[in-house]
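Enquirer: coordinates for the following, if possible.
(6 chains, ligands or ions: 12)
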6 protein chains.
Amino acid sequence: DFMNALEEVHPAFGVSEEELLQVIQNGIIHFDLVVDEILRSGQLLVEQVRTSTRTPLVSVLLHGPAGSGKTALGASIAQASQFPFIKLISPDGMVGFSESQKVAAISKIFSDSYKSPLSVIVVDNLERLLEWTPIGPRFSNAILQALLVLFARRPPIGRRLFIIATSSLRPVLTEIGLSEVFDSELRVPPISSLAALEVVLREVELFSGERERREAVGMLVDAGFGDQGQGDGKLNVGIKKLLSMVEMARQEPENVAQRLTGALMGLGM
Amino acid sequence: DFMNALEEVHPAFGVSEEELLQVIQNGIIHFDLVVDEILRSGQLLVEQVRTSTRTPLVSVLLHGPAGSGKTALGASIAQASQFPFIKLISPDGMVGFSESQKVAAISKIFSDSYKSPLSVIVVDNLERLLEWTPIGPRFSNAILQALLVLFARRPPIGRRLFIIATSSLRPVLTEIGLSEVFDSELRVPPISSLAALEVVLREVELFSGERERREAVGMLVDAGFGDQGQGDGKLNVGIKKLLSMVEMARQEPENVAQRLTGALMGLGM
Amino acid sequence: DFMNALEEVHPAFGVSEEELLQVIQNGIIHFDLVVDEILRSGQLLVEQVRTSTRTPLVSVLLHGPAGSGKTALGASIAQASQFPFIKLISPDGMVGFSESQKVAAISKIFSDSYKSPLSVIVVDNLERLLEWTPIGPRFSNAILQALLVLFARRPPIGRRLFIIATSSLRPVLTEIGLSEVFDSELRVPPISSLAALEVVLREVELFSGERERREAVGMLVDAGFGDQGQGDGKLNVGIKKLLSMVEMARQEPENVAQRLTGALMGLGM
Amino acid sequence: DFMNALEEVHPAFGVSEEELLQVIQNGIIHFDLVVDEILRSGQLLVEQVRTSTRTPLVSVLLHGPAGSGKTALGASIAQASQFPFIKLISPDGMVGFSESQKVAAISKIFSDSYKSPLSVIVVDNLERLLEWTPIGPRFSNAILQALLVLFARRPPIGRRLFIIATSSLRPVLTEIGLSEVFDSELRVPPISSLAALEVVLREVELFSGERERREAVGMLVDAGFGDQGQGDGKLNVGIKKLLSMVEMARQEPENVAQRLTGALMGLGM
Amino acid sequence: DFMNALEEVHPAFGVSEEELLQVIQNGIIHFDLVVDEILRSGQLLVEQVRTSTRTPLVSVLLHGPAGSGKTALGASIAQASQFPFIKLISPDGMVGFSESQKVAAISKIFSDSYKSPLSVIVVDNLERLLEWTPIGPRFSNAILQALLVLFARRPPIGRRLFIIATSSLRPVLTEIGLSEVFDSELRVPPISSLAALEVVLREVELFSGERERREAVGMLVDAGFGDQGQGDGKLNVGIKKLLSMVEMARQEPENVAQRLTGALMGLGM
Amino acid sequence: DFMNALEEVHPAFGVSEEELLQVIQNGIIHFDLVVDEILRSGQLLVEQVRTSTRTPLVSVLLHGPAGSGKTALGASIAQASQFPFIKLISPDGMVGFSESQKVAAISKIFSDSYKSPLSVIVVDNLERLLEWTPIGPRFSNAILQALLVLFARRPPIGRRLFIIATSSLRPVLTEIGLSEVFDSELRVPPISSLAALEVVLREVELFSGERERREAVGMLVDAGFGDQGQGDGKLNVGIKKLLSMVEMARQEPENVAQRLTGALMGLGM
Ligand SMILES: Nc1ncnc2c1ncn2[C@@H]1O[C@H](COP(=O)(O)OP(=O)(O)OP(=O)(O)O)[C@@H](O)[C@H]1O
Ligand SMILES: Nc1ncnc2c1ncn2[C@@H]1O[C@H](COP(=O)(O)OP(=O)(O)OP(=O)(O)O)[C@@H](O)[C@H]1O
Ligand SMILES: Nc1ncnc2c1ncn2[C@@H]1O[C@H](COP(=O)(O)OP(=O)(O)OP(=O)(O)O)[C@@H](O)[C@H]1O
Ligand SMILES: Nc1ncnc2c1ncn2[C@@H]1O[C@H](COP(=O)(O)OP(=O)(O)OP(=O)(O)O)[C@@H](O)[C@H]1O
Ligand SMILES: Nc1ncnc2c1ncn2[C@@H]1O[C@H](COP(=O)(O)OP(=O)(O)OP(=O)(O)O)[C@@H](O)[C@H]1O
Ligand SMILES: Nc1ncnc2c1ncn2[C@@H]1O[C@H](COP(=O)(O)OP(=O)(O)OP(=O)(O)O)[C@@H](O)[C@H]1O
Ligand SMILES: [Mg+2]
Ligand SMILES: [Mg+2]
Ligand SMILES: [Mg+2]
Ligand SMILES: [Mg+2]
Ligand SMILES: [Mg+2]
Ligand SMILES: [Mg+2]
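Expert: Ligands and ions are numbered 1, 2, ... in the order given. The predicted structure is shown next:
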């Protein structure tokens, strides 16, 4: 099924295999039901593109706080579509490009997609593509305008395109009129329950044994990260940041639990 | 008559057939009387251009909320004119153009039109052509100035020109002085009555049978979208967005009515 | 005399006959005494340029609301001067020009005029030449500075120049310091009395007969456009817009009076 | 003496005779004592440049309302110096120049002056050179910075330079730090007394005889322009504007006095 | 151990030895425990990069007031890593570069680092790299965007990168969204205790003998720099500025203590 | 000694003799003790650069009101150092340079200095180099950033550099972060005591004899410029402006004292 398809991706003409794999190299940990729901919604949209004649263009915005896993999930959905044309548009590959070079690069990928009957384009990190800064605020209006048009431009008759965009600044997108061009939206939440946290800790094998992990979780409950009480709202960390904290804690084997708790508390303040 | 003419368009020298057809590929659904009134008003203006010697230049602004069908209606009116020169100026074809390239492209189409005794130019999506962003606000003053002049410039003696422009930001146009150059305006409203909605649902055959559609409408009435009561003002969706919702709902055959209602409620909030 | 001279213009070296004729192709309707006064004042200034040795440079600003007839009147005065050099500087001919190209084009016409003993330059639509937008506000300072200098620069000894400029944004000109460079100003008012309106309706033969026109005027009085009462201030329409309304009304022969009234009321709201 | 020297100017190497003559072609009317005082102060500064070894650079700012005669007086003082190098820097000759072309042109004249033992440079109309607009405000910072440096830069050892600048926006100069670079300032006032006005009217021979002029003055007194009473502050007109009014009034021989009074009242309102 | 490693650096391929040495030419004085803690934290991060497979990219921000020793400490940590690729990105080497040249230079160093299995890049003085000025505020958005992307871009599979950045304007970094891209932060404090000050004075041998130094410290206590009382908060000077004061005081051998106290008081006011 | 050294400057390789001499061509009048103190402080800093190994870079800011003698004093200190490399960076030599040309010219002088074991660079008139205008405010951020880096960049090992900068806008420097890069600051005050004024008057021999000068001073006391009473704060004039007033007064031999007093009063208002 779709979930399994994520594992067995078939390379294909026009698919930028390597860059997609790079952004999901740490895998997807199913730490919460919402993770499966997002993947399932993605699959439904893929099917709509494949089958409906009236909507040759479908777009979805994955949004959520920094490090919540938007890029990895977007790339996973794209991979699982097995469409013949799958591309990632990312600011990583455009450092030092001028405004017009960026517009040209983005525009070319859309034009290329029109040659394939079925295409997916992942447009990662919209705020960075737009060169957004809150001071001013400043951003590239040329890139914004190009995206506004490209996200709404119907592919030629007989071609179908699925656009997956990611952003951690949805309010900004709304302000500049970029959120309303999407047909649908999916929110990628941070980890906020101890249960989800435990799934991750088990998966990454931070602790040598079951007992050590339990003790660590106890320490987290003591620190107020428990799911009951007013501590409930306290846990709030993106999976990406959590994985980074885990590795930092791992450096001091004698103090793993303390360092992890400390790092999480630093965030909560 | 005029209504029929929409169906049987005669290709002609200077007519950009394909791009016009693309924007009306989903056809015009006559879901409300206002649709016919808009087409009829368009026809009258076409006749004025054809016949009056004192007004060789006539312009109209089609405005209304996003997705209300402005582009499709504008293109339909242009097609039905059967003028020898019919062109669509659209931001879709100008991605990545510099300000001056856009001005040159727009200006060229106007100059070309002066070679034909009778011409229609559809200037689609003014806010996008102007590269408008509410933050700042920013826009291309060079393009604005070109449009202000071109929309008011009389064609050479013996030539006649009909300009149809579309926009979903009429207040912005007024603010920048672009709405007062038009000789007339036509408002393209969203779908706001259950009766209109039903016409669309029937036309697109979302439900397998009459009964299923009735049930779905019942569900919509229960959700407060009925035409009486305070629910009256609740329904408010552009035909374009509605068609997209319909296709999304179609993906889950077991849940069509629920998904459609949910989608419409999402909009209403 | 001067009034007649308007009809019989003699073509001459350096006169851009065609563009002048184009802007007055609908003629001048003498719907009010003020029309004659404006033409007479223009004639006096023409005489001053021709005769006074101390003022080789004279300039006048024609200002008034949009469509009140500024361009047609300015061109008429210029035509009637019968000076050997008569030129129209208009934004119509400069679409797509860069700031510096516009300055060069404007500057060249002034330099050319210095070769003729007597010259008139009509500088039409100052706000458009300046690329003015109220948002910001933005405008071309390069063009503004060029105009400020050119409007005040004395022609070489032995040359005389008459400058006629038009604008519908006099307050803006004052704000940017452009109105005080003119030696004199003439206000071109909109049509605001029923009597003037009737002159126009008769001239353009909108109605088949005297009776029909009388009935229409009665309808206008009923609609509150009468000259007495509080309806007095209601009528307020530029001759250009009125001519456009007339032609639109003419399209529905059965409803001419109603459409005209409706159009005028639309304006009044 | 100095006053006479104004009449008999000796042409010399490096003197731009023609452009200086053009700006004083209407001559200097000695309508008030202040006119002589300004010329005398100019003469003293000329002498200081010629004789003092410690101040090889002397600069003066002539400022006053629009049309008060600044340019004509500045040019007269420069002419009377009989220095071997006399140049006029004026925006009139720089229409269409880019910022850097203007800086280069200005800078070149200063560099050229350093080749002459004694030089005068008249820098006319600072606000126009700076491309000043009150909206923004905008101006050329490049030109401002060049002027700030050039006005303060000592000529090479053995060279002496006298700078005469004019402006009608002294408060602006102060705001941008350009007024404090001048060694001294001279205010050029408008005409504000009936006596001065009479001197001008006599000089330009507006009236055919003494009696007519007296009657006209009487009319002006009646209009409140008399020197006593509250009418005192009312008269306030630059000599340049006054000369223009005089010529306009001359066009209607039967109404000279009325037109002049009307024009002066228009100003006063 | 690590502390010693700072002294014996092994030159290596790709290491910009000389520029690193230049910034630590005055050595590291261990005037406070915090100095050792910072170096130790740096060492732990170096180990994380070397060993963890899940975090091939680790970044740290050294921040603190001007002159507190950020650059010297960052360079020391980098040196001690003994990674095969160690580079310093500093505004010192980019004077006169255009925005795009700076981005290209920075980007190239990151790309070069991807060729080494283990790399450290010290990005010194972020505010200067960004061309930050508080007036406006102004800064290079192009450089900011490049840094935002480069600091978050994962190196290719199999490569590992450690980024050490320094800044004395952490609040600004937060405002522009540049502080949250770092995995961790280390604060470099100024000298604020008399004990730390004494360590420095001894180390730099400002005084000829023990007695002289004691007297000087007594003078500082009298001036309110003592660790007890309200004088406690008074001492607050970066090590860099302190070293400069020491050398200035050294110029007047008879007055060393007075001059040092005076300089420190000047700072405190 | 140092004071004498000012008189007998030895020309040397890399010293821009002529431009330094030009700015001190009127000499230094020792009108107040503060003049000697400034020169002495400069000498001490020169010695620090020459001798201390820990501070190869020393910088000082001379600031004070317009015309107080900053440039002359800075150049004098530089001359007296007798360092093999002495250069003046002044806006006078950069009129018409673009931003990047200025940065290149400034940067080149710093790079050149690194070739000499001992160098002094006088960076004159920072606000003009920065193209500062209070309106906006505007300035060249490129030049500011270059100066910020160059003023803090350590010369290569074995080279030593002394930087003397001047400015009359110290608060602005602080605002843009340019004042804190200097190791020390020296304030150059205006003349504010009658005693100092008298020293100057004697030195420049404005009066033919002792008696005349005494009378003039009496007149100044009467005008409120005396050192006692509330007149005390009134005298406040830069030496540069004072020298200019003196020369202007000298033009009217019969009225020297009156003109001087008048000029000084004009300043005080
Ligand atoms: N359930 C999950 N969803 C998403 N990512 C996961 C999940 N489980 C593990 N990961 C890993 O977590 C990391 C998520 O990082 P990712 O870059 O996708 O986050 P992001 O939200 O795009 O961050 P940013 O806001 O910085 O763009 C990846 O390394 C991914 O492999
Ligand atoms: N009565 C109708 N009027 C307009 N469009 C209709 C109608 N019936 C069906 N349609 C279809 O609905 C869609 C309307 O989309 P269209 O692009 O014209 O909307 P729009 O208002 O221009 O949108 P946008 O605000 O995004 O520019 C088209 O696919 C058109 O074929
Ligand atoms: N008395 C009149 N005065 C001016 N124009 C008249 C008059 N009678 C008829 N007309 C016609 O009315 C029209 C006036 O349009 P014109 O372009 O001159 O107006 P305008 O004030 O310049 O408009 P805009 O504000 O758009 O520049 C012309 O077609 C002209 O021939
Ligand atoms: N006493 C006078 N002083 C100055 N100009 C005089 C005098 N008498 C007559 N004139 C004439 O008046 C005119 C003054 O115009 P001028 O251009 O010098 O004024 P301005 O103050 O420079 O105007 P603007 O503010 O437009 O620059 C000239 O034509 C000059 O010949
Ligand atoms: N413990 C220490 N930590 C850091 N620097 C030290 C220490 N002891 C001595 N130093 C010396 O102090 C100086 C610190 O200057 P450095 O340039 O590193 O400061 P900075 O904080 O980067 O300054 P800036 O804010 O100007 O960038 C260096 O010369 C360094 O050799
Ligand atoms: N004691 C003094 N200090 C400085 N300058 C003196 C002194 N005595 C005489 N002078 C003369 O006074 C003048 C001072 O001018 P200088 O250009 O140095 O002033 P400044 O403060 O740099 O002016 P600005 O603010 O315009 O840059 C020089 O001509 C100098 O020779
Ligand atoms: Mg991401
Ligand atoms: Mg549309
Ligand atoms: Mg007009
Ligand atoms: Mg002038
Ligand atoms: Mg540093
Ligand atoms: Mg100076």
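
Enquirer: C-alpha from now on. contacts and neighbour counts both.
Expert: Noted.

Enquirer: count the neighbours of residue A:211 for me.
Expert: 10 (other Cα atoms under 10 Å in any protein chain shown).

Enquirer: just to check, residue A:102 is in contact with residue A:143?
Expert: Yes. Using Cα atoms under 8 Å, residue A:102 is in contact with residue A:143, at 7.3 Å.

Enquirer: and the helices in chain A?
Expert: Listed in chain order, the helices of chain A (DSSP state H) span A:2-5, A:17-23, A:33-51, A:70-81, A:99-113, A:126-129, A:141-152, A:170-175, A:194-204, A:210-220, A:239-250, A:256-268.

Enquirer: so can I have JSON lines of the ones you listed showing distance to residue F:26?
Expert: Below are these laid out as JSON lines (distance: least, Cα to Cα, whole Å):
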{"stretch": "helix A:2-5", "distance to residue F:26": "88"}
{"stretch": "helix A:17-23", "distance to residue F:26": "71"}
{"stretch": "helix A:33-51", "distance to residue F:26": "81"}
{"stretch": "helix A:70-81", "distance to residue F:26": "71"}
{"stretch": "helix A:99-113", "distance to residue F:26": "54"}
{"stretch": "helix A:126-129", "distance to residue F:26": "59"}
{"stretch": "helix A:141-152", "distance to residue F:26": "56"}
{"stretch": "helix A:170-175", "distance to residue F:26": "62"}
{"stretch": "helix A:194-204", "distance to residue F:26": "79"}
{"stretch": "helix A:210-220", "distance to residue F:26": "78"}
{"stretch": "helix A:239-250", "distance to residue F:26": "68"}
{"stretch": "helix A:256-268", "distance to residue F:26": "65"}
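
Enquirer: between those, which one is nearest to residue B:32?
Expert: helix A:141-152 (25.8 Å; Cα to Cα).

Enquirer: who are the packing partners of that closest one?
Expert: For helix A:141-152, the elements it packs on are helix A:99-113, judged by 3 or more Cα pairs under 8 Å, 6 or more residues apart in numbering or on different chains; DSSP states H and E.

Enquirer: list the helices and strands the helix it packs on packs on?
Expert: Short answer (3+ Cα pairs under 8 Å, 6+ apart): helix A:99-113 packs on strand A:85-89, strand A:118-123, helix A:141-152.

Enquirer: distance of residue A:261 from residue A:189?
Expert: 21 Å (Cα to Cα, to the nearest Å).

Enquirer: what's the burial count for the closest residue to residue A:155 other than its chain neighbours?
Expert: Leaving aside its sequence neighbours, residue A:155 sits nearest to residue A:114 (Cα to Cα, 6 or more residues apart in numbering or on different chains; 6.1 Å). When counting by other Cα under 10 Å, one arrives at 20 neighbours for residue A:114.

Enquirer: count of residues packed around residue A:41?
Expert: 16.

Enquirer: same deal with residue A:177?
Expert: So residue A:177, with other Cα under 10 Å, has 16 neighbours.

Enquirer: I'd guessed residue A:85 sits against residue A:15; true?
Expert: Yes. Here residue A:85 reaches residue A:15: they are 5.2 Å apart, a contact under Cα under 8 Å.

Enquirer: can you list the weak-confidence ranges in the stretch 151-269 of chain A?
Expert: Across the stretch 151-269 of chain A, the ranges flagged by pLDDT under 70 are A:228-233, A:267-269.

Enquirer: give me every residue that touches the residue most central in space within chain A.
Expert: The centre of chain A sits closest to residue A:70, judged by Cα atoms, centre = their mean, with a distance of 1.2 Å. Listed by Cα atoms under 8 Å, 6 or more residues apart in numbering or on different chains, the contact set of residue A:70 reads A:62-64, A:166-167, A:188.

Enquirer: run the last query once more with 7 Å
Expert: A:62-63, A:166, A:188 (Cα atoms under 7 Å, 6 or more residues apart in numbering or on different chains).

Enquirer: same deal with residue A:113?
Expert: A:85, A:119.

Enquirer: same check on residue A:29?
Expert: Counting by Cα under 7 Å, 6+ apart, residue A:29 has contacts residue A:200.

Enquirer: and for the one 10 residues further on?
Expert: Under the criterion of Cα under 7 Å, 6+ apart, the contact list for residue A:39 reads residue A:77.

Enquirer: could you measure from it over to ligand 4?
Expert: 74 Å (Cα to the nearest ligand atom, to the nearest Å).

Enquirer: again, but for residue A:158
Expert: On the measure of Cα to the nearest ligand atom, residue A:158 and ligand 4 end up 68 Å apart.

Enquirer: give the contact list for the nearest residue to that residue once chain neighbours are set aside.
Expert: Distance criterion Cα to Cα, 6+ apart; nearest residue to residue A:158, sequence neighbours excluded, is residue A:117 at 6.7 Å. By Cα under 7 Å, 6+ apart, the residues touching residue A:117 are A:158-160.

Enquirer: same question, residue A:143
Expert: With Cα under 7 Å, 6+ apart, residue A:143 has these contacts: A:99, A:103, A:130.

Enquirer: do the same with residue A:74
Expert: Here residue A:74 is in contact with A:122, A:164 (criterion: Cα under 7 Å, 6+ apart).

Enquirer: mind checking how far it is from residue A:94?
Expert: From residue A:74 to residue A:94 the distance is 19 Å (Cα to Cα).

Enquirer: contacts for stretch A:177-184?
Expert: Under Cα under 7 Å, 6+ apart, the answer for stretch A:177-184 is A:58-61, A:148, A:151-152, A:173-174.

Enquirer: quick one: which of those is nearest ligand 5?
Expert: residue A:173 (36.5 Å; Cα to the nearest ligand atom).

Enquirer: neighbours of that closest one, how many?
Expert: There are 16 residues near residue A:173, going by other Cα under 10 Å.

Enquirer: quick one, grab the pLDDT at the one residue in the stretch 1-150 of chain A that gets nearest to ligand 4.
Expert: In the stretch 1-150 of chain A, the residue that lies nearest ligand 4 is residue A:136 (39.4 Å; Cα to the nearest ligand atom). Listed pLDDT for residue A:136 reads 92.

Enquirer: burial measure for it, as a count.
Expert: 13.

Enquirer: what about stretch A:45-59, start to end distance?
Expert: Stretch A:45-59 has an end-to-end distance of 8 Å (criterion: Cα to Cα).

Enquirer: picking that back up, pick the most buried one from the helices of chain A.
Expert: helix A:70-81 (a mean of 25; mean count of other Cα atoms under 10 Å in any protein chain shown).

Enquirer: angle of that helix against strand A:118-123?
Expert: Put simply, helix A:70-81 runs at 170 degrees to strand A:118-123, going by axes from the mean of the first three to the mean of the last three Cα atoms, to 10 degrees.

Enquirer: CA atoms only for helix A:70-81, dumped as PDB, please.
Expert: The C-alpha coordinates for helix A:70-81 follow below in PDB (Å, rounded to 0.1, in the frame of the first residue of the first chain):
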ATOM      1  CA  LYS A  70       7.600  19.400   6.500                       C
ATOM      2  CA  THR A  71      10.400  18.800   4.000                       C
ATOM      3  CA  ALA A  72      10.800  15.100   4.800                       C
ATOM      4  CA  LEU A  73       7.000  14.500   4.600                       C
ATOM      5  CA  GLY A  74       6.600  16.500   1.400                       C
ATOM      6  CA  ALA A  75       9.400  14.600  -0.200                       C
ATOM      7  CA  SER A  76       8.000  11.300   1.000                       C
ATOM      8  CA  ILE A  77       4.600  12.000  -0.600                       C
ATOM      9  CA  ALA A  78       6.200  13.000  -3.800                       C
ATOM     10  CA  GLN A  79       8.400   9.900  -3.900                       C
ATOM     11  CA  ALA A  80       5.400   7.700  -3.200                       C
ATOM     12  CA  SER A  81       3.400   9.100  -6.200                       C
END
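
Enquirer: ok, residue A:154 to ligand 6 distance?
Expert: For residue A:154 relative to ligand 6 (Cα to the nearest ligand atom), the value is 64 Å.

Enquirer: excluding covalently adjacent residues, which one is nearest to that residue?
Expert: The nearest residue in space to residue A:154 (Cα to Cα, 6+ apart) is residue A:57, at 6.0 Å.
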